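Asks: Here is the input, now give the coordinates:
(chains A and B)
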Amino acid sequence: MSDPNGVAEPVRETQSGGRLSMVWLAPLIALAISLGIAWSSWSNKGPLVEVILESASGLEAGKTVLKHKDVEVGVVEDIGFTDNLEKVRAEVRVENEIAPYLDQSAAFWVVRPEVTARGISGLDTVLSGSYLEVSWDSERGKPRRKFTALKTAPLSKPSDDGIRLRLRAADGGSMTVGAPILYKRIEVGRVESKKLSEDGERVDFDIFVDAPYDKLLTTATRFWMRSAVAVEIGTNGAQLKVDSLASLLRGGVSFETVTTDGAPLEPLHSFVLYQGEEEARRSAFVDQPGSQLRLSVEFESSVRGLDIGAPVEYRGLRIGEVTNVAANLRNDTDGDQAISLIVTIVISPARLGFEANQREDSIAFMQRAVRRGLRARLKSASLLTGSLFVELVEQPNADVALLDELAEPHPRMPSVPSDFEDFTASAEGVLNRINNLPIEDMMYSATELLRNLNALASAESTAAVPGQVSDLLQDARDLIGSPGLREAPVDLAATLAAARELMEQVRDAGTAEALVAALEDASAAAQAITTATETVPLFLASATALSTELTELPLTDLVSTATTLLDNADKVVAAEGMAEIPANLNASIRNLREILEGLREAETAKTLESVLIASREAANTVTAASVNIPGMVSTMTGIADTVNELPLEDLILAATSIVENADRLMASDGMQQAPEALAQTLDAARALLVDLKDANAAQNLSEALQAARDAATAFSRAAEGTPELIGRFNAIAANVENLPLNDVVASVESLIADANSLVASDGMQAAPQALADTLNAARALMVDLERADTAQKLADALVAARGAADSAGTAIAGIPALTARLTQLADKANALPIEGLLASTTMVMQDADRILRAPGAEQIPGSITAALDQVRSLVIELRQSGTATNVNGALVSVAGAGESFQALTRNLAILIPRLASVADRVDSVLSSVEVGSELNYEAVTALREVRDAARAITTLASTVERRPNVLLLGK
Amino acid sequence: MDNLANTRTRQHGLTAREAGLIACTTCGRLDRAGLVCARCGATLSSRYPDSIQRTLAWLAAGIVCFIPANLYPMLITRTLGREEKNTIIGGVIELVNYGSYFVAIVVGVASIVIPVAKFVVIGLLVASIRRAWPLDPHARLHLYEITEFIGRWSMIDVFVVAILVALVQLDFVASVNPGLAAVSFALSVIFTMLAAQSLDPRLIWDSIEEGPSDE
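Replies: Take a look at the predicted model:
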């Protein structure tokens, strides 16, 4: 392919020239299979059969099936109307194999749930819906494609074995369709239809007798209606027969094959349906012309009471019946004409033991019998009705007579006069007596009973019962077949899946365990707080005693001047920046609350409790100490009196001007900006607090508190020596009272005046601006501090502070001794020549005054401002030069310093007086903490939130306890 | 040098095909056009052999199978003795009647729109190759890639049927059985995917360069 130059010819593959790919087999096979499936389903498709229905109730196109003996043989494909919209036309696709059987014999009907007097049927269709049923006989006939469905399910199907017969009755009686055919009270078939014959004279019943009972039937069979209630009044007395309630409602047909000479039956053979059993049995002797012996009898007497159908008896055995009574004109032998009564009777020789069809034998037998004296005579059948029957009697001593075989129309049998006239008279007496019997009442009662029964049976409500039950079942079926119910399983499945998913999530998250742990923590915290709170009242009592003591002290002065200052402070407070402070403070408090939660975890409550106990003891001691204060106060009052006498007016004027200047200072712009700077600083502080919280400050604080408690205990012990000290002070004050203070005051006055001019200088007025700037810088520094890991360092520092506090506690333990020394010192001081000291002081003051009046002093404020500027720039520089890191280092050093301090404090007993002033401040702070303050409000709010949270948890717990399923279902 | 003259001047360089080279799809060796690879011995071909023809054959098979898939029932559901047969479209209509429009759209798109669209797109690509329609080759390549990617999603229906049949067998209360359409539909999707795979996308620009395919 390649040429010498190494450049190949381009590839020129063509897409296969004309050759067919094997892949084409795939569509061919697919096509063949598809066609095969189509052909097989087309060829399996049976013919379409049309079924005309009264209504399509319960039928659905494409769903309702056609069944035969509960086997599906087709599907309803379409439901529509017949051409004139009168009826419903269902097109049914039937299977191929059954198509040939759908001939004349096939019957269609809709199977629905039905309640009839015979029972409940089609119950399974309540669930599955209605379906079409078809039945046919086992023979193939000429196929039909159009059928009319039966209105109700047929009582017997074409496929049933048995025989179908027709009964004809004079009237319908109480028979209903579906009434049973009974043989010895066993149901062997049923009435299928009841209709008026075409000529309207009879009622035709179609009945069906199941195999194998059809073998019981011959042409000699007689059918009669069963009456539910039968009243028989006969020789045995009156009898009332009431059949079962079912037969009362439906009626019924009984049959019996009376004679043995019947022939096998053809289908649809017609029988007479007799009204009663008696009539039926009698008829057995009428309809058998071949085997019957007909005779005629001539009676001389009246035949009143002799009906057609009256029996013929021989010695009480019924052997036949009367078929005709007629008058006959007879030519007498003497030429007269006489009327005689000819009664035709039919005798069944079989009853006498002759074989069937032995007519000649039976006539010969009758001839012999007549020769021996057999005669016919009329006999009264019933005294009540006066009816007659024919009796064959043997009277050997009767006149000789023969059976006149040649007489027309039947052989004539001789008769004898009846003997019943003889006892007619006595019978009349009997009848009279019978007449007196209350038969009417009985009959009336019986009639009433029958009427009631009839009313019950024919009542509309009784008739409506089956229909209503049927409607009920129909509704139930509609309900179950409704789409909503069919959807329900799907929805249920989806819901269950979601619930299971939720359960798994809950289980995976371990929510329950976390909840239990949280509850346990809350319980422990609550217990700790309770324990802590118990000691509070005691503390409060002590504090109250202390405050009572303090209240009694005379403190009234300086208020008016302070008011002006407060006004200015108010302006400062009202500044815009100040408004942000509460918000910041709130945020800080929130952080504090979180810290408190940390404290709770660190069991701070218990520590606090100990602190409170110690504080209470300290307070008690202070109370005891303060008993001596009134004395001191009175001394002080003396001092005040003395002071009062001093020329304080000038001093106050000077002080006022100082305050005014301070006021101006406060009102200056720089000071107005200070709150804003302060707010930002607080922001930074809050951020710092958050960090503190994150660092393990709480634990350290707890430990520090423990140390504080120890210190407080020590302080308490120290305070015990205080009263004596106060006594000494008292003495000192008394001495002071006697001092010549006037000079000092004058000096102080001029000093203050100078200070006033100093404060009023421009430089001092500029200072606030510098202060604000400095605060800004400080804030920036704080931010930096926060960014650096200061909190952690602070925590370390706190650890060191705790150590220091421990040491302080130890140091304070030495205070009593110190107090004793102080007492001695005070004694000595008391004895000192203070006059000389005061003179020196006055001189010092005067010198100071001179210094202040010196020309250079005016320049000092400017210098201070400049110095502040310097400080500010220094702070800025500090910040820029990464001071925060250094501060951290410094804090570390502080921690170290704390440790040094710890060592130092052991020797620093002199520091105690300062600690006393600190305690004063603490006191003032405590008194400033009023009920309405912001801090208190925040604390109360926090407590309320805790309480609400506890309530919410309680509610949740009880809800869960009552209804655990809310965990699954949500609330 | 005549060979070089035959190659058209173009901005890009010489393609392997123009240089008479074929890359072996088995081992990756670039070889001179020959019958077999010199290294691994695999059969060499510059384009899929019989690509158009195979594509058409699989496409035809897919369309043939798609017909019974829509005519016969997909699912045969029996609930409380009541039997229901649902075809694909019948199922979609029923879902719409129940108001589940979203599910109806998903089923309708996955079962009807996507298969039909694939038939159309593959047919269009083959026709455009054979008749050298001057369509944008880049757009056609995109069409081809989308078709090949999206084909497998039509199997969702089949999987749903398989899962339902396995899960819902509660005897009298409810049971689900697959209909003839399930198999037909699966075959149709498989055949269509094979058709998309058989199509060599390189023929798209071949047809532009060389005129109508001579197959």
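Asks: C-alpha from now on. contacts and neighbour counts both.
Replies: Fine.
Asks: interface residues of chain B facing chain A?
Replies: Applying Cα under 8 Å from any Cα of the partner chain, we find that chain B lies next to chain A at B:3, B:17-21, B:32-33, B:45-47, B:49-54, B:57-62, B:64-65, B:68, B:79-84, B:213-215.
Asks: how about low-confidence regions in chain B?
Replies: B:1-13, B:33-34, B:81, B:207-215 (pLDDT under 70).
Asks: which residues of it fall in strands?
Replies: Assigned strands in chain B, in chain order: B:21-23, B:30-32, B:75-79, B:82-86, B:174-178 (criterion: DSSP state E).
Asks: Who are the packing partners of the top strand by length along chain A?
Replies: As assigned by DSSP E, the longest strand anywhere in chain A is strand A:317-331. Counting by 3 or more Cα pairs under 8 Å, 6 or more residues apart in numbering or on different chains; DSSP states H and E, the packing neighbours recorded for strand A:317-331 are strand A:311-314, strand A:337-347, helix A:349-352.
Asks: mind listing what that strand pairs with, with the direction of each?
Replies: Its sheet considered, strand A:317-331 pairs with strand A:311-314 (antiparallel), strand A:337-347 (antiparallel) by DSSP bridges.
Asks: which residues are contacting the shortest one?
Replies: Under the contact criterion Cα atoms under 8 Å, 6 or more residues apart in numbering or on different chains, strand A:311-314 has outside partners A:318-322, A:345-347, A:389-393.
Asks: Any idea what residue A:232 is bridged to?
Replies: Under the criterion used (DSSP bridges), residue A:232 bridges to residue A:239.
Asks: I'd say it and residue A:239 touch.
Replies: Yes - contact criterion Cα atoms under 8 Å: residue A:232 and residue A:239 qualify, at 4.9 Å.
Asks: mind giving me the domain split of the chain?
Replies: You didn't pick a chain, so chain A it is. Chain A breaks down by automatic domain parsing into domains covering A:37-148, A:162-283, A:294-437, A:553-928.
Asks: To clarify, I was referring to chain B.
Replies: B:1-46, B:51-210.
Asks: which one of those domains lies closest to residue A:109?
Replies: Nearest of the domains of chain B to residue A:109, taken as Cα to Cα: domain B:51-210 at 19.3 Å.
Asks: so how far is that closest one off the chain centroid?
Replies: From the chain centre to the centre of domain B:51-210 is a distance of 9 Å (Cα atoms, centre = their mean, to the nearest Å).
Asks: got it, and stretch B:38-58?
Replies: With Cα atoms, centre = their mean, you get 17 Å for stretch B:38-58.
Asks: And the contacts of it?
Replies: Residues contacting stretch B:38-58 (Cα under 8 Å, 6+ apart): A:11, A:13, A:15-16, A:20-21, A:23-27, B:17, B:22-27, B:29, B:31, B:33-37, B:123, B:126, B:191-192, B:194-200, B:202-203, B:215.
Asks: picking up where we left off before, in terms of mean pLDDT, which of the domains of chain A ranks lowest?
Replies: Lowest mean pLDDT within the domains of chain A: domain A:553-928, a mean of 56.
Asks: and residue A:413, how far is that from residue A:394?
Replies: 13 Å (Cα to Cα, to the nearest Å).
Asks: do the same with residue A:460
Replies: In terms of Cα to Cα, residue A:460 sits 60 Å off from residue A:394.
Asks: neighbour count winner among those two?
Replies: Counted by other Cα atoms under 10 Å in any protein chain shown, residue A:460 and residue A:394 do not tie: residue A:394 has more neighbours, with 17 against 10.
Asks: wait, that one sits on residue A:368?
Replies: No - taking contacts as Cα under 8 Å, residue A:394 lies outside contact range of residue A:368: 11.7 Å.
Asks: Can you tell me the closest non-neighbouring residue to residue A:416?
Replies: Among residues not flanking residue A:416 along the chain, residue A:377 sits closest, at 5.3 Å (Cα to Cα, 6 or more residues apart in numbering or on different chains).
Asks: returning to that earlier point: mind putting the strands of chain B in JSON lines, distance to residue A:308 and mean neighbour count included?
Replies: Putting the strands of chain B into JSON lines (distance: least, Cα to Cα, whole Å; neighbours: other Cα atoms under 10 Å in any protein chain shown) gives the following:
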{"stretch": "strand B:21-23", "distance to residue A:308": "123", "mean neighbour count": "21"}
{"stretch": "strand B:30-32", "distance to residue A:308": "127", "mean neighbour count": "18"}
{"stretch": "strand B:75-79", "distance to residue A:308": "69", "mean neighbour count": "20"}
{"stretch": "strand B:82-86", "distance to residue A:308": "65", "mean neighbour count": "18"}
{"stretch": "strand B:174-178", "distance to residue A:308": "72", "mean neighbour count": "20"}
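Asks: among those strands, which is nearest residue A:136?
Replies: Per Cα to Cα, nearest to residue A:136 of those: strand B:82-86, 25.3 Å.
Asks: List every C-alpha atom in the closest one, with coordinates, as CSV.
Replies: The C-alpha trace of strand B:82-86 is given here as CSV (Å, rounded to 0.1, in the frame of the first residue of the first chain):
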residue,chain,number,x,y,z
ARG,B,82,-60.7,-8.5,39.9
GLU,B,83,-58.3,-8.6,37.0
GLU,B,84,-57.0,-5.6,35.3
LYS,B,85,-54.7,-5.4,32.3
ASN,B,86,-52.8,-2.3,31.6
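Asks: So which other helices or strands are in contact with that strand?
Replies: Short answer (3+ Cα pairs under 8 Å, 6+ apart): strand B:82-86 packs on strand B:75-79.
Asks: got the angle between the strand it packs on and strand B:174-178?
Replies: 170 degrees (axes from the mean of the first three to the mean of the last three Cα atoms, to 10 degrees).
Asks: Now do strand B:75-79 and strand B:82-86, the angle between them.
Replies: 160 degrees.
Asks: residues making contact with strand B:75-79?
Replies: By Cα under 8 Å, 6+ apart, strand B:75-79 touches A:486, B:83-87, B:161, B:172-179, B:182.
Asks: ok, now stretch A:203-219?
Replies: A:156, A:160-172, A:181, A:188-197, A:257, A:262-265.
Asks: Sort out which residues of stretch A:50-63 are buried, please.
Replies: A:50-53, A:56, A:58-63 (16 or more other Cα atoms under 10 Å in any protein chain shown).
Asks: Repeat that for stretch A:238-253.
Replies: For stretch A:238-253, the neighbour count (16+ other Cα under 10 Å) marks A:247-253 as buried.
Asks: Can I get it in PDB? Just the C-alpha atoms.
Replies: C-alpha atoms of stretch A:238-253 as PDB (Å, rounded to 0.1, in the frame of the first residue of the first chain):
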ATOM      1  CA  ALA A 238    -111.400 -31.900  62.700                       C
ATOM      2  CA  GLN A 239    -107.700 -31.700  61.800                       C
ATOM      3  CA  LEU A 240    -105.600 -28.500  61.200                       C
ATOM      4  CA  LYS A 241    -102.400 -29.100  59.300                       C
ATOM      5  CA  VAL A 242     -99.900 -26.300  59.100                       C
ATOM      6  CA  ASP A 243     -96.800 -27.000  57.000                       C
ATOM      7  CA  SER A 244     -93.400 -25.300  57.400                       C
ATOM      8  CA  LEU A 245     -93.200 -21.500  57.000                       C
ATOM      9  CA  ALA A 246     -91.100 -21.900  53.900                       C
ATOM     10  CA  SER A 247     -93.900 -23.800  52.200                       C
ATOM     11  CA  LEU A 248     -96.300 -21.100  53.400                       C
ATOM     12  CA  LEU A 249     -94.300 -18.500  51.600                       C
ATOM     13  CA  ARG A 250     -93.400 -20.500  48.500                       C
ATOM     14  CA  GLY A 251     -95.900 -23.200  48.200                       C
ATOM     15  CA  GLY A 252     -94.800 -26.500  46.800                       C
ATOM     16  CA  VAL A 253     -95.700 -29.500  44.700                       C
END
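Asks: hang on, the earlier thing: which neighbours do residue A:413 and residue A:394 share?
Replies: What both residue A:413 and residue A:394 touch, as defined by Cα under 8 Å, 6+ apart, is the set residue A:375.
Asks: I'd like to know the beta-bridge partner residues of residue A:272.
Replies: Note on residue A:272: beta-bridge partners by DSSP bridges are residue A:168.
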